[in-house]
Structures are given as structure tokens and as C-alpha cells.
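Enquirer: Build me a model from this:
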Amino acid sequence: MIVRIVKMQFNSKDCSAFQELFESRKAEIRSFTGCIHLELWRDTTDPTIFFTYSIWQSQAALDKYRFSDFFKDTWTQTRKLFHEKAQAWSVQSISRQ
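Expert: Prediction:
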């Protein structure tokens with residue numbers, strides 16, 4: 001399994017627009033083959049910082065989503081709202097209690 005964490009900071013006036021975009025797209029993201037879980041998080045100290053946290057069956061499943069037309073359209077709309085460039089990490093658990 002692959003966990004994908006994406007950190008995004010938005011212009012304060014655009015936070016609501018991003019949340020609306022996410023709400024309108026989350027069901028389709030979750031329906032992609034290999035998507036196990038998807039959440040949207042917000043920073044506790046800076047309300048302009050959001051994170052997406054998703055779990056994918058494999059890197060191949062994540063890549064299929066990332067190279068889809070749906071992702072390209074979603075990311076194009078999201079990127080217009082950024083205050084800073086997004087950061088992303090793909091990680092795997094190596095020790096679990």
C-alpha cells in the first residue's frame with residue numbers, strides 16, 4: 001500500500017472555493033481503481049493550509065489516477081488557487097503498532 005500526502009496552501013480568499021471543488025470531486029477520486037481511502041485535512045494553526053491523505057493499493061494505481069484526464073482537470077483548477085507551490089509525498093509504513 002502507498003499513502004499519498006499532499007500539502008497545499010491557498011490564498012485565504014480561495015479556501016472555500018477549494019473546499020467546494022474537493023467536495024464535488026471526492027466521490028470520483030474514491031471510485032478510482034486502487035483508491036482505498038481519501039481524507040481532506042486542515043492545519044490547526046494556519047487555516048489556509050490543507051492536506052489530502054489518501055491510501056492506494058499500489059504505486060501503479062496511484063499513477064493511473066495521477067495521469068488521468070480527471071486528475072489533470074482537477075489539478076488545473078486547484079493550482080489556480082494556490083498561494084504557494086504544493087508539496088507531495090508518497091510513503092509506506094515500515095513499522096506499525
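Enquirer: Which helix or strand lies directly C-terminal to the helix or strand that contains residue 19?
Expert: Assigned by DSSP states H and E, residue 19 belongs to helix 15-31. Later in the chain than helix 15-31, the nearest helix or strand by DSSP H and E is strand 35-42.
Enquirer: and the helix or strand following that next one, which strands flank it?
Expert: Note on strand 35-42: by DSSP H and E, the next helix or strand toward the C-terminus is strand 49-56. Strand 49-56 has the following strand partners under DSSP bridges: strand 2-10 (antiparallel), strand 35-42 (antiparallel).
Enquirer: low pLDDT regions in this structure?
Expert: Within the chain, not a single segment meets pLDDT under 70.
Enquirer: to the chain's geometric centre, what's the distance from the helix holding residue 19?
Expert: The chain centre lies 9 Å from the centre of helix 15-31; the measure is Cα atoms, centre = their mean, to the nearest Å.
Enquirer: The nearest residue to residue 2 once chain neighbours are set aside - how many residues pack around it?
Expert: Among residues not flanking residue 2 along the chain, residue 56 sits closest, at 4.6 Å (Cβ to Cβ, 6 or more residues apart in numbering). For every residue, glycine as well, the C-beta is placed using N, CA and C. Neighbourhood size, residue 56 [other Cβ atoms under 10 Å]: 24.
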